[in-house]
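**Q** A predicted structure for the sequence below; I have some questions about it.
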Amino acid sequence: MANHRQPKRARRDTLPPADTDSDGDGDSDSTLHPILPYNVIDHIVSFLPFMVATQVCKLSSAFKHAVNFSRSLFFGRDVAVRLTRDNLVKILNRAFDSHLGKEIFTFTLHIDPIEVETSIDKWLRHCANKEIHHLDLYFLRFGYTLNASTVAGFTHLRTLKLVHCTLELPPQNNFHSMSPLQHLILSHVPVTSDMLRLLLDNCRRLQRIHLLHCGGFSRVEINAREHRAFREFRLAACKHLEVLVIDSPTIRSLYYSGPVPRIRIVEAFQLTEAYLNLKPARNRRYLSASELERLAVDIPNVTVLTTSAVIPEALTTRFRGGVFDEARYGFLNLKELQLMMEGGLFCNPYDIVMLMTRCPLLERLFIDMEDYNFECGAYWELHQMPKLEKLDCYFDRLKFIRLKGFKFLQSELNLVNILLKKAINLEALVFVTPKNPHTRLYRAYVPHYSQLFLSWKASQDAKIVLFGHTNDKSRVRPIHSKSWYR
């Protein structure tokens, strides 16, 4: 039988008219005759990260210019680790020199800035001319200054994220250029109290501020009473901080990790989550319990709370105004409580249980007990333990308990005893062994503890599970991660 060769299809490398029918019929190669019009594909490609868009455009010469309209110039760590700095600079120069679009939504850069400051200045000027919306500069070391004139050119900037960078703000009479700013994230950036005040006074659309490893201030005041959109403030590892004041009726999320400062939160009735990892500093006096007690009073509506042991210690029964009395506070909406015992001085099971009695809607309890032993001395044995045994309070909403770093000490077993007896609708209790290799649970003891827990639990359907710290398969985890910043 004769061998008939099919005629080659004509290749089309030019854009068809906008009204071209794209049903697949005709002479052009089907791979170059998509269902969507070319101008729509060009528009879609422009939203892809630059390096991805470059690869896509290699599929057909019909799309080779689409990358020149890229809105996402993403050169983050994933890109930087695959290229030498010289090659990265060449690609960036080519990307900006050939860019034909009217705007750039995102510019992300991960680079060592030393000796390429001039190139960075040029790229940022291009960004300013292209109405940049989101700017993320991660410098591997200090050496670059984002000067005031460059910042003043970002008239459409909504997100500013800087790492290892010096930031200069424009003068007051030219600060209107930053008014669209919504998200400010600074890490390892020198910041002063005056800079914060200037930003808050002029950027009324701010929604969140993150200050991580920032120096230059001992007092932070977030005066956002006139801001309608402010929602989140995070502060961590700012070792010189002594005073923190939050005055925002719209704030909903507060994260703080560092030495115990004087904290005042004013009328934050919409605050629903708080992360307060307060660490007593050796070179600073211990903050009075009354001030920490006032902090608990300032956040009555939180639904998720992570805190260190200093809070239950401050809220314990003590002399108040010359009278030995309980603290007057309540977390009436709290559903998840995470306690980090590191840094505790005298916290014991009584302090934890008393805190839980002020949380009537509590559903999930997480306690991290790594390297901490409960302080259970004579006062515990004579006064606190008998009071717990007579406690007429049940945690009927509590469904899940996770005790991390559990060492099966008698003081820890006392806590488990109370929890199992009072959590009448408990679904699961999870133990996670400590990371310390010298702390081990011998297999011979397992049946004894199993029988002990079974005799204590009020909820017959509750599952009790033990995981090693290297094989923790518990599915329920706290909402707040301890590693939310680096």
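**A** Perfect, I can see it now.

**Q** Give me the pLDDT value at the residue lying closest to F366 once chain neighbours are set aside.
**A** Counting by C-beta to C-beta, 6 or more residues apart in numbering, Q338 is the residue found nearest to F366 once chain neighbours are left out, at 4.2 Å. C-beta: built from backbone N, CA, C; applies to glycine. We have a pLDDT of 98 for Q338.

**Q** does Q338 sit in a helix, a strand or a coil?
**A** strand (DSSP: H, G, I helix; E, B strand; the rest coil).

**Q** who touches it in this structure?
**A** Residues near Q338 by C-beta atoms under 8 Å, 6 or more residues apart in numbering: 305-307, 365-368, 478, 480.

**Q** which among those residues gets closest to N348?
**A** I367 (12.3 Å; C-beta to C-beta).

**Q** Please give the element, helix or strand, for the closest one.
**A** Per DSSP states H and E, I367 falls inside strand 364-368.

**Q** swap in H99?
**A** Per DSSP H and E, there is no helix or strand for H99.

**Q** Tally up the residues packed near it, please.
**A** 20 (other C-beta atoms under 10 Å).

**Q** what do you get for the one 3 residues further on?
**A** A count of neighbours around K102, defined by other C-beta under 10 Å, yields 10.

**Q** for the one 4 residues further on, same thing?
**A** Other residues near T106 number 19, with proximity taken as other C-beta under 10 Å.

**Q** Next one: it, what pLDDT does it get?
**A** Reported pLDDT for T106: 93.

**Q** Contacts only, for the closest residue to E242 other than its chain neighbours.
**A** Excluding the flanking residues, the one nearest E242 by C-beta to C-beta, 6+ apart is S218, at 4.7 Å. For S218, the contact set (C-beta under 8 Å, 6+ apart) comprises 240-243.

**Q** Kindly report the same for C376.
**A** C376 touches 348-349, 385, 410-411, 414, counting by C-beta under 8 Å, 6+ apart.

**Q** Reformat those residues as a markdown table; add pLDDT.
**A** Below are these laid out as a markdown table (pLDDT from 0 to 100):
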| residue | pLDDT |
| --- | --- |
| N348 | 93 |
| P349 | 95 |
| M385 | 92 |
| Q410 | 92 |
| S411 | 93 |
| N414 | 94 |
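
**Q** pLDDT below threshold where in the chain?
**A** 1-36, 38-39, 41-43, 45-46, 53, 56-66, 281-287, 442 (pLDDT under 70).

**Q** residue ranges of the helices in it, please?
**A** In the chain, the helices defined using DSSP state H lie at 38-45, 50-57, 77-80, 85-97, 117-129, 148-152, 193-202, 289-298, 310-315, 349-357, 378-379, 385-389, 410-422, 446-456.

**Q** Turn the ones you listed into JSON lines, columns for mean neighbour count and distance to N174.
**A** Below are the helices of the chain laid out as JSON lines (neighbours: other C-beta atoms under 10 Å; distance: least, C-beta to C-beta, whole Å):
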{"stretch": "helix 38-45", "mean neighbour count": "16", "distance to N174": "35"}
{"stretch": "helix 50-57", "mean neighbour count": "18", "distance to N174": "31"}
{"stretch": "helix 77-80", "mean neighbour count": "15", "distance to N174": "33"}
{"stretch": "helix 85-97", "mean neighbour count": "15", "distance to N174": "25"}
{"stretch": "helix 117-129", "mean neighbour count": "17", "distance to N174": "14"}
{"stretch": "helix 148-152", "mean neighbour count": "17", "distance to N174": "5"}
{"stretch": "helix 193-202", "mean neighbour count": "16", "distance to N174": "10"}
{"stretch": "helix 289-298", "mean neighbour count": "18", "distance to N174": "37"}
{"stretch": "helix 310-315", "mean neighbour count": "22", "distance to N174": "44"}
{"stretch": "helix 349-357", "mean neighbour count": "22", "distance to N174": "50"}
{"stretch": "helix 378-379", "mean neighbour count": "10", "distance to N174": "62"}
{"stretch": "helix 385-389", "mean neighbour count": "14", "distance to N174": "63"}
{"stretch": "helix 410-422", "mean neighbour count": "19", "distance to N174": "59"}
{"stretch": "helix 446-456", "mean neighbour count": "12", "distance to N174": "67"}
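
**Q** Make JSON lines from these and add distance to L211 to it.
**A** Listed next are the helices of the chain as JSON lines, based on distance: least, C-beta to C-beta, whole Å:
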{"stretch": "helix 38-45", "distance to L211": "37"}
{"stretch": "helix 50-57", "distance to L211": "30"}
{"stretch": "helix 77-80", "distance to L211": "22"}
{"stretch": "helix 85-97", "distance to L211": "29"}
{"stretch": "helix 117-129", "distance to L211": "22"}
{"stretch": "helix 148-152", "distance to L211": "17"}
{"stretch": "helix 193-202", "distance to L211": "8"}
{"stretch": "helix 289-298", "distance to L211": "19"}
{"stretch": "helix 310-315", "distance to L211": "22"}
{"stretch": "helix 349-357", "distance to L211": "29"}
{"stretch": "helix 378-379", "distance to L211": "40"}
{"stretch": "helix 385-389", "distance to L211": "41"}
{"stretch": "helix 410-422", "distance to L211": "36"}
{"stretch": "helix 446-456", "distance to L211": "44"}
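
**Q** In contact with the closest residue to L292 other than its chain neighbours: list those residues for me.
**A** Nearest non-adjacent residue to L292, counting by C-beta to C-beta, 6+ apart: A314, 3.6 Å away. Contacts here follow C-beta under 8 Å, 6+ apart; on that basis A314 touches 289-290, 292-293, 296, 327.

**Q** Now do A314 against G258, distance only.
**A** 17 Å (C-beta to C-beta, to the nearest Å).

**Q** Give the burial count for Q182, as a bare number.
**A** The burial count for Q182: 18, using other C-beta under 10 Å.

**Q** so it sits right up against L206, yeah?
**A** Yes - the pair Q182 / L206 is scored as a contact, 6.2 Å apart, by C-beta atoms under 8 Å.

**Q** Give the residues shared as contacts by the two.
**A** Going by C-beta under 8 Å, 6+ apart, residues that sit against Q182 and also against L206 are A229.

**Q** Surely T192 and G216 touch.
**A** Yes - applying C-beta under 8 Å, one finds T192 in contact with G216, separated by 4.9 Å.

**Q** what sits against R158?
**A** With C-beta under 8 Å, 6+ apart, R158 has these contacts: 133-134, 180-183.

**Q** Pipe these into TSV and attach distance to L48 per row.
**A** Formatted as TSV, those follow (distance: C-beta to C-beta, whole Å):
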residue	distance to L48
H133	16
H134	15
P180	25
L181	26
Q182	24
H183	22
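
**Q** Buried by neighbour count, from these: which ones?
**A** 133-134, 181-183 (16 or more other C-beta atoms under 10 Å).
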